[in-house]
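Q: missing the sequence, but the structure's below:
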């Protein structure tokens, strides 16, 4: 059995590395590039990570995430909704209650985001040290 890579047929089991050559996942019309565009916003991955423990209200997300304005969080949530990663549920209560949660598709990002978060925790100090060294050289 084979799969399609760009316009080429590739035998099963031969895909090893992502290539930047034409016909690969980084072409403008490739679904992988669309997915990367969706989650590459500054607050998208953080918002998805925040929702991984269950539904949250807008104010709870603002507090949990920290540093994001209500307006930017609203824009981020709408973009994630528009792409099927987040669900907005409005409860018929007085006052109305709105909660956000991951969709089934959004839940598929939990493992990659957790791995990225672990990488950031493990390597964050090294990145900060590199930046400080680079800034010191520039001054």
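A: Thanks, I have it. The structure presented is a predicted model; accordingly, all values stated were derived computationally and were not measured.

Q: Any buried residues in the helix or strand containing residue 73, and which?
A: Assessed by DSSP states H and E, residue 73 sits inside helix 70-82. Neighbour-count burial for helix 70-82 flags 72-73, 76-77, 79-80 (criterion: 16 or more other Cβ atoms under 10 Å). Quick note: C-beta positions are derived from backbone N, CA and C, even for glycine.

Q: Summarise which helices and strands it is packed against.
A: helix 44-50, helix 58-65, strand 86-91 (3 or more Cβ pairs under 8 Å, 6 or more residues apart in numbering; DSSP states H and E).

Q: same question for it, mean pLDDT?
A: Helix 70-82 shows an average pLDDT of 97 in the prediction.

Q: the inter-axis angle of that helix versus strand 86-91?
A: Inter-element angle recorded for helix 70-82 and strand 86-91: 110 degrees (by axes from the mean of the first three to the mean of the last three Cα atoms, to 10 degrees).

Q: and which of the buried residues of helix 70-82 is nearest residue 115?
A: Nearest to residue 115 out of the buried residues of helix 70-82 is residue 80 (Cβ to Cβ; 19.4 Å).

Q: Show the contacting residues for that closest one.
A: Contact analysis of residue 80 by Cβ atoms under 8 Å, 6 or more residues apart in numbering lists 38, 44, 47-48, 86, 106.

Q: Could you turn the buried ones of those into a PyMOL selection?
A: When burial is assessed using 16+ other Cβ under 10 Å, the buried subset of those is captured in PyMOL by this command:
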select buried, resi 38+44+47+48+86+106
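
Q: Just the closest of the contacts of residue 80 to residue 58, please.
A: Checking the contacts of residue 80 one by one against residue 58 (Cβ to Cβ), the nearest turns out to be residue 47, at 10.9 Å.
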